[in-house]
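*Asks:* task: produce atomic coordinates for the following.
(one chain, ligands or ions: 1)
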Amino acid sequence: MGISPFSMILTTVLDLSSILSRTRMIIWNVFLISLQLIIHESRSEIIITAYDDFGLSPIDPEIADVIDWKRHACRRTCKDGAAPLDCYYTFKLEFYYAMSKACYNCPFNITDCFRPHCIPADGIKRSLLVVNRQMPGPAIEVCQGDRIIVDMINLLHSESTTMHWHGQHHLATPYMDGVPYVSQCPIPPGATFRYNYIASEAGTHFWHSHIGFQRGDGVFGSLIVRVPPKVNWHKDLYDYDEHILVVADWVHELGLTKFLAHHHSDGHNKAPNLLINGLGRFIAIEGENKTLAEMPISTFVVKSNFRYRFRLINAEFLNCPIEISVDNHTLYVISSDGRDVGPIQAESLVSYAGERFDFIIEMDQPVDNYWMRFRGLMDCDERFLSAYQVALLRYEGAPEEEPAVEVTYNRVQNDSYGLQVNALNKGIESNNSISIPMLIAMDDDDVSNTKEPDYQFYISYDFYGKDNPHFNRKNLYGFHQVKDIRQKLFTPQLNHISMKLPSFPLMPERNLIKPNQFCNSSTVEGCESDYCACTHVLQVKINSVVELILIDEGVPYDANHPFHLHGYQFRVVAMEKIGSNITAAKVKELDKQGLINRRLTRAPLKDTVTVPDGGYTIVRFHADNPGYWLVFCHIEFHAEIGMALIFKVGENEEMPPVPRNFPKCGDWKLTDDQNEGNSEITTNSTTIDKEESEEHNHLIDRLDHLLKYLEQLLKLQMKSSASNSSITLILFVACILSSVIRARSL
Ligand SMILES: [Cu+2]
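*Replies:* Okay, here's the model as predicted:
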């Protein structure tokens, strides 16, 4: 049967229309799948992708204070299995000024407050110190395993500096820890020091100056180390991770000026204000014709019905714990000091200087503006200057205005949202708060909490009424001589010892340490009544488990000290307030009677922890990172007058070698033989010979250290069942080194 032309045309048309409809279907499906992928990506995307390759090679100092550091290529979404990057930063440290001419008509023209180089702070003019003319300084945001390389350029007129990477452990690079006279020499004015280390510790951290009062003057910034989804415990609990809150207590003069007035005269050590990401209000600013304007505050814009991770960093320098709450919202605390904990619902949260907390807020309230409240406790409370601050939580679509709810220092706690986490001067004895040992670590147990400790150190402290020769000179204006209580300076000391740092850095110049250079409570006498200062060092064997029992004797004031340990994270196994007058002996007795309850299973990991006044906090760590590591009160005014001690972990030979030509410093005196008139000429060649031979010996010494270190590394690798090829490589390097040493010793 023949096919009519009409039916042929019809069939073709039908075929065509079916092809077209199928194509449409395919296009539509592809479109839908792409849309789903885009939506999925944007919801699961932790943050951003790099704009370009900016920051993957050294950055010209000329542009360091004019570029947008948020564009850094290392600020990216961390992907499973992706290769780490080398992340470069250039930090120029300068003396500078708040509300400088760079601020033009701020705050009368609010956009002027956000001009480059304008540091608005709280609108009060003052001298300060900043990195790249920003406060906080540039954020370092990387993925775990990246290498962070920071050129620290000291452009101060007369002060030295060092930079500490608070929360990073520097395994194998302890000389990058940034502690003056412990891990390095201070960087002198005019000099550049290149920090170079692996971002090994994930989480919310920060960088800050570790000298004098520079942190309090503005030298701090966030250091965020993100992880790929596979190792992110809490990735399903939030949609966005883009908000960082850096909290600082703020005074209106240089920290040094405040310190001197407090320690030598009747000046106080209280902060009148707080800043959130460098912004805050204090008093309305008066302009021409008596017009008044408010300073800008930090604003966090969020999308309704999404969950946001906030990263809180406490960069404070005085004794000003901060209580954080958000009107009408609950906080879900998920992490502290970079280590995740089981989510805890909280009405509010208290953080102490040096601590970090990550919390999630679900944006489940009507589209509007809400206050985020920051309230200073202790030396910032209503007995003194009632320091407080707010930031704004703005839902997208809300009007650009502030909530009508009044802002004052006082705040009523709303327990229907949960309890307060980390409350001031409370431990596990408290029923109406959640103290740190009650948090549950997401990390598995390890030897630090499963093994009996090899060492137990009791460290008790308080403020003592002693003649500290720095501030109350005996027989002239001694502690008991001066009448005004404001002139009597109480000295905070650990085991009745004030830390006196050497004139050279212990870690890189450990060959200079003299046999009796260190002290501890067993080597000193009479320090309970007299003022004692020496290089307070506690020595432990490598790979041992150390328990620290921190005891606040609780006599004068209700002060509260946050302790920070470098090089490690510890397990917080106990925290309790007992009374207003306790001693190490009493705590030992309680322990003997079994009255101290250590919560060992899944105890939270932290690096900064508070101790209730008249109470104790017990922490444990596995000393597997050889080096000299500081443990101290993170209140600058306390640390700077010696409320610190050092852990020496391992023997000097077990510590990693320092790079060649690492900067040196120390005492120098003209010796008698150098003093003789023409000795320089006559002894010139001998001096050179001597120098050469010293150099030679030094080199052999270093190689020897390196060899021992490699041996150690080899042992560790064998234990951790490393691949054969890496063991072979280490053996090969070790063989070459030992041959070199033999050859050079001949
Ligand atoms: Cu302190």
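*Asks:* care to break this structure down by domain?
*Replies:* Domains of the chain are assigned by automatic domain parsing as 16-45, 61-422, 447-654, 693-745.
*Asks:* hey, which helix or strand in this structure has the poorest pLDDT?
*Replies:* One helix or strand of the chain scores below all others by mean pLDDT, DSSP states H and E: helix 679-682, with a mean of 48.
*Asks:* which part of the stretch 401-550 of the chain gets nearest to the ion, residue-wise?
*Replies:* residue 492 (5.5 Å; C-beta to the ion). Backbone N, C-alpha and C define where each C-beta goes, glycine included.
*Asks:* for residue 473, give me its contacts.
*Replies:* Shown in contact with residue 473 (C-beta atoms under 8 Å, 6 or more residues apart in numbering): residue 467.
*Asks:* one more pass at 10 Å, please.
*Replies:* Each residue near residue 473 by C-beta atoms under 10 Å, 6 or more residues apart in numbering is listed here: 467, 479, 481.
*Asks:* which among these end up buried?
*Replies:* 467, 479 (16 or more other C-beta atoms under 10 Å).
*Asks:* can you lay out the contacts of residue 473 as a markdown table showing distance to residue 223 and secondary structure?
*Replies:* As requested, the contacts of residue 473 are exported to a markdown table (distance: C-beta to C-beta, whole Å; DSSP: H, G, I helix; E, B strand; the rest coil):
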| residue | distance to residue 223 | secondary structure |
| --- | --- | --- |
| 467 | 41 | coil |
| 479 | 40 | coil |
| 481 | 46 | coil |
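*Asks:* now the residue of the stretch 401-550 of the chain closest to the ion. Its backbone dihedrals?
*Replies:* Phi and psi for residue 492, reported as degrees, to the nearest 10, are phi -80, psi 130.
*Asks:* what's the closest non-adjacent residue to residue 537?
*Replies:* Closest residue to residue 537 apart from its sequence neighbours, by C-beta to C-beta, 6 or more residues apart in numbering: residue 518 at 3.9 Å.
*Asks:* please apply the same query to residue 466.
*Replies:* Spatial nearest neighbour of residue 466, chain neighbours left out: residue 531 (4.7 Å); criterion: C-beta to C-beta, 6+ apart.
*Asks:* what's near enough to touch the residue of the stretch 251-400 of the chain found nearest the ion?
*Replies:* For the stretch 251-400 of the chain and the ion, the shortest gap (C-beta to the ion) falls at residue 319, measuring 6.6 Å. If a contact means C-beta under 10 Å, 6+ apart, then residue 319 has 249, 269-271, 352-353, 376-380, 557, 559-562, 633, 635-638 as its contacts.
*Asks:* wait, is it part of a strand?
*Replies:* No. Counting by DSSP: H, G, I helix; E, B strand; the rest coil, residue 319 is not found in a strand; it is coil.
*Asks:* count of neighbours near the closest residue to it other than its chain neighbours?
*Replies:* Closest residue in space to residue 319, ignoring its immediate chain neighbours: residue 379 at 4.2 Å, by C-beta to C-beta, 6+ apart. Burial of residue 379 is recorded as 23 neighbouring residues (other C-beta atoms under 10 Å).
*Asks:* sec struct for residue 379, please.
*Replies:* Going by three-state DSSP: residue 379 is helix.
*Asks:* any idea how far it lies from residue 592?
*Replies:* Counting by C-beta to C-beta, to the nearest Å, the separation of residue 379 from residue 592 is 36 Å.
*Asks:* likewise residue 334?
*Replies:* In terms of C-beta to C-beta, residue 334 sits 37 Å off from residue 592.
*Asks:* and residue 206, by the same measure?
*Replies:* Relative to residue 592, residue 206 is positioned 40 Å away (C-beta to C-beta).
*Asks:* looking at these two, which is more packed in?
*Replies:* The neighbour comparison of residue 206 against residue 592 (other C-beta under 10 Å) goes to residue 206, with 26 against 9.
*Asks:* coming back round to it: count of residues packed around the residue nearest to residue 537?
*Replies:* Residue 518 has 18 nearby residues by other C-beta under 10 Å.
*Asks:* could you do residue 480 as well?
*Replies:* With other C-beta under 10 Å as criterion, residue 480 counts 11.
*Asks:* follow-up on the earlier one: what pLDDT does the residue nearest to residue 537 get?
*Replies:* Residue 518 is assigned 98 on the pLDDT scale.
*Asks:* how about residue 416?
*Replies:* Note on residue 416: pLDDT of 89.
*Asks:* helix, strand, or coil at it?
*Replies:* At residue 416 the chain is in helix, as set by three-state DSSP.
*Asks:* skip the chain neighbours and tell me the closest residue to it.
*Replies:* Closest residue to residue 416 in three dimensions, ignoring its sequence neighbours and counting by C-beta to C-beta, 6+ apart: residue 347, at 7.9 Å.
*Asks:* part of a helix, is the one you found?
*Replies:* No. With three-state DSSP as the criterion, residue 347 is assigned strand and is not in a helix.
*Asks:* coming back round to it: is the residue of the stretch 401-550 of the chain closest to the ion in a bridge, and if so with what?
*Replies:* When bridges are called by DSSP bridges, residue 492 pairs up with residue 463.
*Asks:* what about it, distance to residue 387?
*Replies:* 21 Å.
*Asks:* so those two - more neighbours on which side?
*Replies:* Shown here are residue 492 and residue 387; by other C-beta under 10 Å, residue 387 has more neighbours (27 against 19).
*Asks:* how about that one, what does it touch?
*Replies:* 249-251, 270-274, 280, 282, 318, 320, 322, 374-377, 379-381, 409.
*Asks:* hang on, the earlier thing: which of the contacts of residue 319 fall in helices?
*Replies:* Within the contacts of residue 319, residues falling in helices by DSSP state H are 636, 637, 638.
*Asks:* closest one of these to residue 73?
*Replies:* residue 636 (33.9 Å; C-beta to C-beta).
*Asks:* dump the residue contacts of the nearest residue to that closest one once chain neighbours are set aside.
*Replies:* Residue nearest to residue 636 in three dimensions, not counting chain neighbours: residue 317, with 4.0 Å by C-beta to C-beta, 6+ apart. Contacts for residue 317 (C-beta under 10 Å, 6+ apart) come out as 208, 213-217, 220, 248-251, 255, 258-259, 271, 353-354, 634-640.
*Asks:* burial of the closest residue to residue 198 other than its chain neighbours, as a residue count?
*Replies:* Of all residues not flanking residue 198 in the chain, residue 147 sits nearest, at 5.7 Å (C-beta to C-beta, 6+ apart). Residue 147: 15 surrounding residues under other C-beta under 10 Å.
*Asks:* how about the contacts made by residue 147?
*Replies:* Contacts of residue 147 by C-beta under 10 Å, 6+ apart are 74, 84, 85, 86, 87, 88, 196, 197, 198, 199.
*Asks:* can you do 7 Å?
*Replies:* 84, 86, 87, 196, 198 (C-beta atoms under 7 Å, 6 or more residues apart in numbering).
*Asks:* all set, thanks.
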